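> need a structure here:
(chains A, B and C)
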Amino acid sequence: MRDLAFFGLAACLLAAALAVVTAKSLFRAAFALSAALVATAGFYLLLSAPLLAAVQILLYTGGVLTLVVFALVVAGANTEGAVWRKPAPAAFMSLAVFAVLAASARALPETAPVRGLESGKDVGLLLFSDYLVPFELLSVLLLGAVFGALLLARKDRPE
Amino acid sequence: MLDALLVLAGPLAAFALLSVLPPLRRSGKPAAALSIAGIGVSLLAAMALFARIRTAGAPSILEIVWAPMTTGPSITFGLLADGISASMAVLVAFVALLVQVYSLAYMSDELPPAFGRYYTYHSLFAFAMLGLVLAHNLLQTYVFWELVGLGSYLLIGFWFERPAAGRAALKAFWTTRLGDVGFAIGIVILWSSAGTFTFTELFAKADSGVLTGTALTLGVAGIYLGAMGKSAQFPFHIWLPDAMEGPTPVSALIHAATMVAAGVYLMVRIAPLLAHTAQVATVVFAIGVLTAFLAASMALVENDIKRILAFSTVSQLGFMMAACGAGSASAAYFHLVTHAFFKALLFLAAGSLIHAVHTNDIFKMGRLARVMPITSACFAAGALALSGVFPTAGFFSKDEVLAAVLAGGHPIGFAILVVTAGTTAFYIGRAFFVAMMGPNTAPGHPHEPPAAMKTPLLVLAVLAVVAGAAARLIPGLFATSIAPHATAEEHAPFIVPLLGTTAALVGLGLAFAGYQKRAFDPANVRRAMGPLVTALERRWYVDDVFEFGYRFAYLKISHAVGWVDRYIVDGLVNAVTWATWVFAGRLTAMQSGRVQGALYATAFGLVVLVWLAWAR
Amino acid sequence: MTLAHLLGVAAAVFAIGLFGVLARRHAIGVLLSIELMFNAVNLAIVSFAWSRGLLAGVVLVLFGIAITVAEIAVGLALVLLASRVAKSVILDDLSELKG
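I've put the predicted structure just below:
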């Protein structure tokens, strides 16, 4: 049963990933990315990390993709001309990376998976104990990102 | 050996000063004065040297080790003063002095810078020739030999604005260079077999049998090749007639008395070696006889007075070489000395004539004896000496040559040389009668030359007449005083002077009859012998053979070599350049500034690292 | 479903994303491909966490997602700026160096 879900999700994820990379219209690419993100959320669920799945869908799919779509509307969503530039060396490099990563994955020692990975409560506790400082710093980072984005994108820039 | 060093130092100092100080050189007359002073010092020193050697009765050697070697013989610089080199030094310095004085008047039309340049070259040439004469080893001889060739090139091509002069100078240089290749090879062969360059050591080794066989034969043959080039033996004689493009005093010095004599001098020098190589001696003799005859024949059809004299020089050089080949170096040397006197005389007299009428063509001259009696008398003296009429110097020396040839057992060569002697008398008589006698006076107002030109003429005329008798009366005056291979022909069989004088008189008589008395018309004879005359005018087609060889062999090879150089050698270099450009172009693409380029590199690094860490 | 399988899928998505980054001409297309790569990495980390029982992995991914969001925001702002200034978002047009 798990394996069936795994293969199904894997197929979706891979198909969506391919679509992201090959679509000529970027709207199509953005939607394909959202599909890939949802599939990944499915994976998280499969791996007993429901909080993560929820965060994935909320932030990524809901937030990021919306941003992307807005940017596409402003900047233009069609790639004039070819979709790719010199695909052959890129494909070669990707294949090389995949091969090497897959080969190293095989070399890993296999351990029995632990069931019951997490609950939201446990994660929250960790966040506010061991990982408090990174948590606060993250808020600073987000503040900086907001300012940066605002500064960069505002209309009337004094030259 | 101070006197020997002074002999060389005079002209060398003059040359050095003149070449290093352009203002001095360009001043004209002062440059000439310096050069004449240099050669004057040389002459005095040479006479002192000669006197010393004669009284001492033994050679004097100065040797300085120049490049000491721990294994093998060292390279030495040395001066060898014996009877032959001392007397030759006097001869060279004497004739050079006369020619330089003569040039004061002859070249007076030149602008001062050119005048100074002329005398600079003269000093260089004198230094080189004297160095050649006094050299005590073959290597040094070769060095000065080449310097003499350079001096000759510079002097022949003195009027370099004339293309013909430049070509003649080059032709002289190349032809002699061809012989010099053989010379160098000969020196090396002798050195590799005998281990030395020095004359005295080589003679000793040859006499003792250490130096023998093929090595000796090939070595002497190589040296003879060099002598062939310089002394215009057939077929290397082609440069001498063309060398008449140079000023006439130059022709007198170089192409009568000194440079061309250097080849004969060299053969006389190595006579002890030649005595051991009968094959080479035979070749020397045969080519000498051939040269003598062919050159005399070519002189018959020449109208340019200088060319007549040039062919005459070639012919007389043939006589000298024949004497060397027949085994009598002393006869050859005696003839060299007397020839120097009367040939220089003839050239300088011809120079006077040319200076007066501004043409070289004897048929444009005529009856000049009337207006230029002294010059004509001098020319006549020289002509008689050349023909070998008693009691001129030429009579005695030619007699010795003929006697040596006969005694050496060459009857056919002897006969040919007698005929050649007759031909010689004919062509020089022809020149005399056409230019200086005859019914019609030359146009213009020819007159006697100034004193600077007349004095050398008179001095040489006196010598041309008395030098021969003096040599007989004062024993050993022109003796070679080297190895006793000189056949002592004090009392030659009477047949020799008889035939010699007969031939001379027949030749002169025919010339007189044809050109003065008009007993027969030489033009008819010329027409009758049409093809032969054509061959003579084309100089027996030797020049054509050389030209053919040059065009079809040498030029083609040069083109091929050039092609290889341009396309293969250069091609390799260009290919490297091209490859570098292409490679650089490719590399430039890596620095495109686009992020993806860097990302490729990063991904590549990732692949390598992961592979190294995990996937092996 | 083993760790190796999961990692294989993650590696595949990573490689596909890498291809997109290297080959795509549109700037936002490149950004989307970068997202894919991030996603694949997150999946890999969670797989490890699930396999070894480490909760810290989940926390790490949480932080990662947050940072990625910030980065995307700034990146999109840059793309908008580029489209306004250079009138194009095709990367070829934005490259001014030769070669």
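> state the phi and psi torsions of A:Trp84.
Dihedral angles of A:Trp84 (phi, psi; degrees, to the nearest 10) stand at phi -110, psi 160.
> the helix-or-strand element of chain A with minimal mean pLDDT: how far from the chain's middle?
Lowest on mean pLDDT, DSSP states H and E among the helices and strands of chain A sits helix A:120-128, with a mean of 77. Using CA atoms, centre = their mean, to the nearest Å, the mean C-alpha position of helix A:120-128 is found 22 Å from that of the whole chain.
> in it, what counts as buried?
A:Val123, A:Leu126, A:Leu127 (16 or more other CB atoms under 10 Å in any protein chain shown). Every residue, glycine included, has its C-beta placed from N, CA and C.
> which residues does that helix contact?
With CB atoms under 8 Å, 6 or more residues apart in numbering or on different chains as the test, helix A:120-128 has contacts from A:Pro50, A:Leu51, A:Phe135, C:Leu55, C:Ala56, C:Val58, C:Val59, C:Leu62.
> got it, and stretch B:30-46?
B:3-4, B:6-15, B:17-18, B:24-25, B:86, B:89-90, B:92-94, B:96-97, B:100-101, B:103-104, B:115-116, B:119-120, B:122-123, B:126, B:130.
> wait, A:Glu80 touches C:Ile90, no?
Yes: if you go by CB atoms under 8 Å, A:Glu80 and C:Ile90 touch, sitting 6.9 Å apart.
> closest point of the stretch 1-150 of chain B to chain C, which residue?
Per CB to the nearest CB, B:Pro22 is where the stretch 1-150 of chain B lies closest to chain C, at 56.6 Å.
> for B:Arg117, see how far away that residue is.
Applying CB to CB, to the nearest Å, the value for B:Pro22 to B:Arg117 is 10 Å.
> can the helix of greatest length in chain C be found next to chain B?
Secondary structure of chain C per DSSP state H: the longest helix is helix C:56-85. No: Helix C:56-85 does not reach chain B (CB under 8 Å from any CB of the partner chain); its nearest approach is 12.1 Å.
> other SSEs contacting that helix?
Applying 3 or more CB pairs under 8 Å, 6 or more residues apart in numbering or on different chains; DSSP states H and E, one finds that helix C:56-85 makes contact with helix A:50-55, helix A:65-75, helix A:120-128, helix A:132-153, helix C:27-52.
> any buried residues in that helix, and which?
Going by neighbour count (16+ other CB under 10 Å), the buried part of helix C:56-85 is C:57-63, C:65-66, C:68-83.
> so the nearest residue in space to B:Phe604 that is not next to it in sequence: helix, strand or coil?
In space, and not counting its chain neighbours, B:Phe604 is closest to A:Met93: 7.0 Å by CB to CB, 6 or more residues apart in numbering or on different chains. Three-state assignment for A:Met93 (DSSP: H, G, I helix; E, B strand; the rest coil): helix.
> need the contact list for A:Met93.
A:Met93 makes contact with B:Tyr600, B:Ala603, B:Phe604, B:Val607, C:Leu18, C:Phe19, C:Leu22, according to CB under 8 Å, 6+ apart.
> tell me how far the helix-or-strand element of chain C with minimal mean pLDDT lies from the chain's centre.
When the helices and strands of chain C are scored by mean pLDDT, DSSP H and E, helix C:91-94 comes last with a mean of 74. Here the centre of helix C:91-94 is set off from its chain's centre by 20 Å, with CA atoms, centre = their mean.
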